[in-house]
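Participant: prediction below, plus the sequence it came from.
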Amino acid sequence: MKQNKYAKMLYPSPIGTLSLVADKQYLYGIWVQDQTHFEKGLGDETIEEVTSHPVLEQVISYLDTYFEGSVQDLSDLPLAPIGTDFEKRVWAYLQTIPYGQTVTYGQIAKDLQVASAQAIGRAVGRNPWSILVPCHRVLGSGNRLTGYASGVEKKAWLLQHEGVAFQENKKKEKKMLEFIEYPKCSTCKKAKNELDKLGLEYQDVHIVEETPSEDVILKWLETSGFEVKQFFNTSGIKYRELGLRDKVGSLSKQEAAKLLASDGMLLKRPILVENGAVKQIGYRKPYENLGLR
């Protein structure tokens, strides 16, 4: 199956460098560099960095206008038809939140007749079009400043830029946990059960459908203290098919990251990540001793 080709341009913004990705017709994402879900679903081999592109130049014009502090009509923003049906409903709602105004996760749940505000939060967190599809305009109850894929300080900057009043979270900010798993994996089910028993909030990430990017995995390899081989699912079919048993030891971290990002089934699971840092790979030890509370 032929893979789609994407064009990429970098945009220097007040909240950091933005990665803008599109094909010939649609905008696929606006991400702050290294944020959660950075360039999700796009393989590096399919992205070409360019200096001009009709869709991306239009997006840059929109971003320029936004950072100048002007209100604009974004109804013709050429968003790619991606996401689940539920995510599309939530992202469409985000587009209706006016500049300089906010809503809460609970309000979105009520308006969309969804029982779980947490489900809304997960969909909001997966919005691939930062700023122009304004997920930063969603606050917690009492207009509290809550998490943001690229960092809560960037969310605060965007809201202040729009003149929005919000409540700083006086409590110590909750640790952001990501539980990266394969739902059919029995070990993952046991680990997930412990997280639930501990009463910990976490974001559930499907290791195949939402495989971490090469950049994210490389960062893990460079900073986690775990050996390269520990990230591989050495008992998996894919690992054996590729004959990796005698090859993994000679891979550079860059090569390993690229290989792991190419197929989520190559990754050891589950992976527990706290604020971007790997806490544990697999489930040989219980989570209760990791200081996650």
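Facilitator: It's in.
Participant: by contact count, what packs against the longest helix along the chain?
Facilitator: The longest helix of the chain (DSSP state H) is helix 54-67. The contact analysis (3 or more Cβ pairs under 8 Å, 6 or more residues apart in numbering; DSSP states H and E) places helix 54-67 against strand 6-13, strand 16-22, strand 27-32. (Each C-beta comes from the backbone N, C-alpha and C, glycine too.)
Participant: using PDB, write out every CA atom in the next helix or strand after that helix.
Facilitator: Using DSSP states H and E, the helix or strand that follows helix 54-67 in sequence is helix 85-94. C-alpha atoms of helix 85-94 as PDB (Å, rounded to 0.1, in the frame of the first residue of the first chain):
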ATOM      1  CA  ASP A  85     -15.900   9.600  15.100                       C
ATOM      2  CA  PHE A  86     -15.900  10.600  18.800                       C
ATOM      3  CA  GLU A  87     -12.700  12.600  18.500                       C
ATOM      4  CA  LYS A  88     -14.100  14.400  15.400                       C
ATOM      5  CA  ARG A  89     -17.200  15.400  17.400                       C
ATOM      6  CA  VAL A  90     -15.000  16.800  20.200                       C
ATOM      7  CA  TRP A  91     -12.600  18.600  17.800                       C
ATOM      8  CA  ALA A  92     -15.500  20.100  15.900                       C
ATOM      9  CA  TYR A  93     -16.800  21.400  19.200                       C
ATOM     10  CA  LEU A  94     -13.400  23.000  20.000                       C
END
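Participant: looking at helix 85-94 now, give me its mean pLDDT.
Facilitator: Taken as a whole, helix 85-94 carries a mean pLDDT of 96.
Participant: may I see the buried residues of that helix?
Facilitator: 87, 90-91, 93-94 (16 or more other Cβ atoms under 10 Å).
Participant: quick one: which of these is nearest Gly282?
Facilitator: Glu87 (29.5 Å; Cβ to Cβ).
Participant: restrict stretch 137-155 to CA atoms and write it as CSV.
Facilitator: Extracted in CSV, the C-alpha atoms of stretch 137-155 (Å, rounded to 0.1, in the frame of the first residue of the first chain):
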residue,chain,number,x,y,z
ARG,A,137,-9.5,27.1,25.7
VAL,A,138,-10.7,24.1,27.7
LEU,A,139,-10.4,24.4,31.5
GLY,A,140,-11.1,22.3,34.5
SER,A,141,-14.0,22.8,36.9
GLY,A,142,-13.9,26.3,38.5
ASN,A,143,-12.0,27.5,35.4
ARG,A,144,-8.8,25.8,36.8
LEU,A,145,-5.8,25.6,34.5
THR,A,146,-5.3,22.0,33.7
GLY,A,147,-2.9,19.9,31.6
TYR,A,148,-1.9,20.6,28.0
ALA,A,149,-0.1,18.3,25.6
SER,A,150,2.9,20.7,25.2
GLY,A,151,3.0,21.9,28.8
VAL,A,152,0.6,23.8,31.1
GLU,A,153,2.9,26.9,31.0
LYS,A,154,2.3,27.2,27.2
LYS,A,155,-1.5,26.9,27.8
